[in-house]
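Trainee: Build me a model:
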Amino acid sequence: MNIEIERRFLVNKIPENIINTIHIKQYYVSINPKMVQRLRFFNDDKAIISFKERSSSITKHEFEYEIPILEAKKLISFIDAPSVSKKRHYIKFDSMNWEVDEFLDKNKGLIVAEIELIKEDEKIKIPEWAVYEISKEQKYSNFNLSLNPFTSWEDNNE
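Mentor: Numbering: from 1, shown residues only. As a prediction, the model looks like this:
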């Protein structure tokens, strides 16, 4: 079964021990109360369509399929879909793989780290740069950021 368990944190600075960085642009092509469908471009040379359960839990169903890049670009040209753009930095901390998303454009200034877990109660060491857990705060979901960008928030210094 395609289950994703992840915890997310606000980050006060981008860590120095970056292994790799990629650019991600993701479009939300279909939304309903239980599922979001997104189309993601990775470095503008790979595309993945995803179906992700909308939930306030840290455990979600997620289904992902790679599609040809030219077809993905054609699909996006037909619709006016909300989107987010970010740099994703891959970090190894305490032998675990972290992804640190540095948001761009209308979400500039927001930095979020996430870590995927094997089980919900898995013990992890939280890095000093991960300052506040936002795992269950929906306003920080990428989908919500595509509709209500970080730079439009009255108080975006949380």
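
Trainee: In a strand, Lys74, correct?
Mentor: No. Counting by DSSP: H, G, I helix; E, B strand; the rest coil, Lys74 is located in no strand; its state is helix.

Trainee: Any idea how many residues pack against it?
Mentor: Per other C-beta atoms under 10 Å, the neighbour tally for Lys74 reads 10. C-beta here means a position set from N, CA and C on the backbone, and glycine is covered the same way.

Trainee: do Leu75 as well
Mentor: Using other C-beta under 10 Å, Leu75 has 16 neighbouring residues.

Trainee: now swap in the one 3 residues further on and tell me
Mentor: Counted with other C-beta under 10 Å, the neighbours of Phe78 add up to 8.

Trainee: Provide a list of residues in contact with it.
Mentor: Not one residue lies near Phe78 by C-beta atoms under 8 Å, 6 or more residues apart in numbering.

Trainee: Is Lys60 in contact with Phe51, as I believe?
Mentor: No. Look at Lys60 against Phe51 with C-beta atoms under 8 Å: they stay out of range, at 10.4 Å.

Trainee: All the helices of the protein, residue numbers only.
Mentor: Under the criterion DSSP state H, the chain carries helices at the ranges 69-77, 142-147.

Trainee: OK, contacts around the closest residue to Ile79 other than its chain neighbours?
Mentor: Setting aside the residues directly before and after it, Ile79 is nearest to Val29 in space (C-beta to C-beta, 6 or more residues apart in numbering), at 6.2 Å. Counting by C-beta under 8 Å, 6+ apart, Val29 touches 37-39, 75-76, 79, 81.

Trainee: Many thanks, I have nothing further to ask.
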